[in-house]
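> return a 3D structure for these sequence lines:
(one chain, ligands or ions: 1)
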Amino acid sequence: MMISAENIEKSYGEVKALRGVSLEVKEGELFGLIGPDGAGKTSLIRILVTLLKPDKGSATVNQLDVVDDFRKLRKQIGYMPGRFSLYPDLSVEENMTFFATVFGTTIEENYHLVKDIYQQIEPFKERLAGRLSGGMKQKLALSCALIHAPKVLVLDEPTTGVDAVSRKEFWEMLKRLQKMGITILVSTPYMDEANLCDRVALIQDGNILTINTPERVTQNHESILWAVRSDNMYLCIRDLRKHPGVKTVFGFGEFLHITLRDNTISPTALEKYLKERCHTNIAINPIEPGIEDVFMDLMQKHDN
Ligand SMILES: Nc1ncnc2c1ncn2[C@@H]1O[C@H](COP(=O)(O)OP(=O)(O)OP(=O)(O)O)[C@@H](O)[C@H]1O
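Residues are numbered from 1 along each chain as shown. Sure, this is the predicted structure:
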C-alpha cells in the first residue's frame with residue numbers, strides 16, 4: 001500500500017472533524033476523496049501529508065509513519081493545498097526555484113516531470129505569482145508540488161472554483177502524472193469527478209461512507225430511482241414527501257430524484273397522485289443512479 005490510514009480521529013475543540021477514518025491507497029492508483037464542504041477532507045489530507053497530528057489512529061505513506069517519520073516523508077510527498085500555496089511576491093520562476101531549493105533539487109533535475117504543465121506558464125515566468133490568472137496559478141502550484149519528484153501527489157480540492165474547461169484539462173494532467181508512476185490522492189466536492197478516479201472514498205461528517213470503484217459505488221445502490229418534475233417544483237417536493245410510498249426526495253437540477261419504499265407504486269399511479277393535487281406538466285422517468293444519488297442514500301442510512 002502506498003497510503004494506509006487506520007482509525008484516524010481528529011477534533012478541534014468540540015468539533016469532531018474525523019471520527020475513525022480508515023483507508024488504503026494502492027501504489028500507482030488515482031484515488032478520490034469525495035465529500036461536501038466540512039466533511040473532513042482537508043483534515044485527513046493534512047494528517048497524511050504530516051502537517052497535522054491525529055488525536056487517535058495511525059497512518060503511513062510509503063511505509064513511513066506520518067508522525068514519527070515526518071521529515072523523511074515530506075521528501076516523498078508533493079502537496080497542493082486547497083488555498084493559495086504560492087508566494088505572491090515572487091515570480092513564477094522564483095516560486096519554482098524556491099520549492100526546488102527547499103527540497104535540495106533544481107528545476108533542471110526534474111524538468112521532465114513538470115515539462116507538460118510548466119511549459120504552459122513558462123512564457124510568463126517573470127510575472128509575479130500573485131498576478132496570475134486562476135488557471136495559471138493552479139498550474140504553477142502543481143508544478144511546485146512536483147518539482148522534487150515525489151512518489152505521492154496529494155491535492156486538496158484542486159478544481160474548486162475552476163471553470164469546466166480548466167477542470168477537464170487538470171484531470172488530464174493528473175492522468176498523465178499517474179502514467180508516469182505517481183500515486184495520486186485528490187479531494188473534491190464535485191461528484192462528477194468521482195468517475196475519473198480508479199477508486200473513491202465518499203466522506204461525510206468525519207465518516208467514510210463507502211470505498212470502491214466509481215462503477216461499483218453506483219451499482220451497489222439498491223433503491224429504485226425515478227426523476228420527477230412538474231410545473232411547481234416546490235409543491236412537488238412537498239406532495240412527494242407526503243406520499244407513503246416515497247422514501248426520499250432530493251432536488252437535482254431541474255428534476256427531483258425520488259427513491260421508493262417498495263416496488264408497488266407505478267409511474268402511472270404516482271402521476272395520478274400528483275394530478276389529483278393539481279400538478280401540471282408532470283414527467284416521471286425511471287433512471288440509473290449517479291454518485292450523487294448513492295451519496296444521498298448512504299448519508300440517510302448513516303443518519304438513521
Ligand atoms: N482549525 C480548525 N478549528 C476549528 N474547526 C475546524 C478547523 N479546521 C476544520 N474545522 C472544522 O472541522 C470540520 C472538517 O473540516 P475540513 O476542513 O477537514 O473539511 P473539508 O471536507 O476539507 O471541508 P472544506 O472544503 O470546507 O475545507 C468542519 O466542521 C470544520 O469547520
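
> pull the residues that contact stretch 161-168.
Residues from elsewhere that reach stretch 161-168 (Cβ atoms under 8 Å, 6 or more residues apart in numbering): 134, 135, 138, 159, 170, 190, 193. From N, CA and C alone the C-beta is placed, and that goes for glycine too.

> what is the burial count for the fourth one?
It refers to residue 159. Applying other Cβ atoms under 10 Å, we find 22 residues neighbouring residue 159.

> wait, it touches residue 189, no?
No. In terms of Cβ atoms under 8 Å, residue 159 does not count as a neighbour of residue 189; the distance is 9.2 Å.

> and for residue 151, the neighbour number?
Counted with other Cβ under 10 Å, the neighbours of residue 151 add up to 16.

> show me what contacts the closest residue to it other than its chain neighbours?
Here the nearest residue to residue 151 in space, its sequence neighbours aside, is residue 76; by Cβ to Cβ, 6 or more residues apart in numbering that works out to 4.7 Å. By Cβ under 8 Å, 6+ apart, the contact list for residue 76 reads 61, 62, 64, 150, 151, 152.

> and if we set it to 10 Å?
Residue 76 is in contact with 2, 61, 62, 64, 69, 148, 149, 150, 151, 152, counting by Cβ atoms under 10 Å, 6 or more residues apart in numbering.

> ok, now how distant is it from residue 155?
Taking Cβ to Cβ, to the nearest Å as the measure, residue 76 and residue 155 are separated by 15 Å.

> ranges for the strands of the stretch 201-304 of the chain?
Taking DSSP state E, counting those that start in this stretch, the strands of the stretch 201-304 of the chain run over residues 207-212, 225-229, 246-252, 255-260, 283-286.

> any buried residues in the third one, and which?
What that stands for is strand 246-252. By neighbour count on 16 or more other Cβ atoms under 10 Å, the buried set for strand 246-252 is 246, 247, 248, 249, 250.

> so what pLDDT did the first one get?
Per-residue pLDDT puts residue 246 at 93.

> just to check, it is in contact with residue 258?
Yes. Residue 246 is within contact range of residue 258, at 5.4 Å (criterion: Cβ atoms under 10 Å).

> which neighbours do these two share?
By Cβ under 10 Å, 6+ apart, residue 246 and residue 258 have these common neighbours: 226, 228, 240, 265, 270.

> could I get those as JSON lines with neighbour count, pLDDT and distance to residue 8?
Output for the shared contacts of residue 246 and residue 258, formatted as JSON lines (neighbours: other Cβ atoms under 10 Å; pLDDT from 0 to 100; distance: Cβ to Cβ, whole Å):
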{"residue": "226", "neighbour count": "20", "pLDDT": "94", "distance to residue 8": "38"}
{"residue": "228", "neighbour count": "24", "pLDDT": "96", "distance to residue 8": "40"}
{"residue": "240", "neighbour count": "22", "pLDDT": "95", "distance to residue 8": "39"}
{"residue": "265", "neighbour count": "18", "pLDDT": "89", "distance to residue 8": "43"}
{"residue": "270", "neighbour count": "20", "pLDDT": "95", "distance to residue 8": "44"}
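
> where does the stretch 101-250 of the chain come near the ligand, residue by residue?
Contacts of the stretch 101-250 of the chain with the ligand, taken as Cβ under 6 Å from any ligand atom, map to residue 157.

> let me see the contact set for the residue nearest to residue 221 when sequence neighbours are not counted.
With Cβ to Cβ, 6+ apart as the criterion, residue 221 has its nearest non-adjacent residue at 4.1 Å, and that residue is residue 289. Residue 289 is in contact with 217-225, 257, 259, 295-297, counting by Cβ under 10 Å, 6+ apart.

> contacts for the lowest-mean-pLDDT helix or strand in the chain, please.
Ranked by mean pLDDT, DSSP states H and E, the weakest helix or strand in the chain is helix 291-303, scoring a mean of 84. For helix 291-303, the surrounding residues in contact (Cβ under 10 Å, 6+ apart) are 32, 34-36, 190-195, 200, 202-205, 207-210, 212, 214, 217-223, 225, 247-250, 252, 257, 259, 287, 289.
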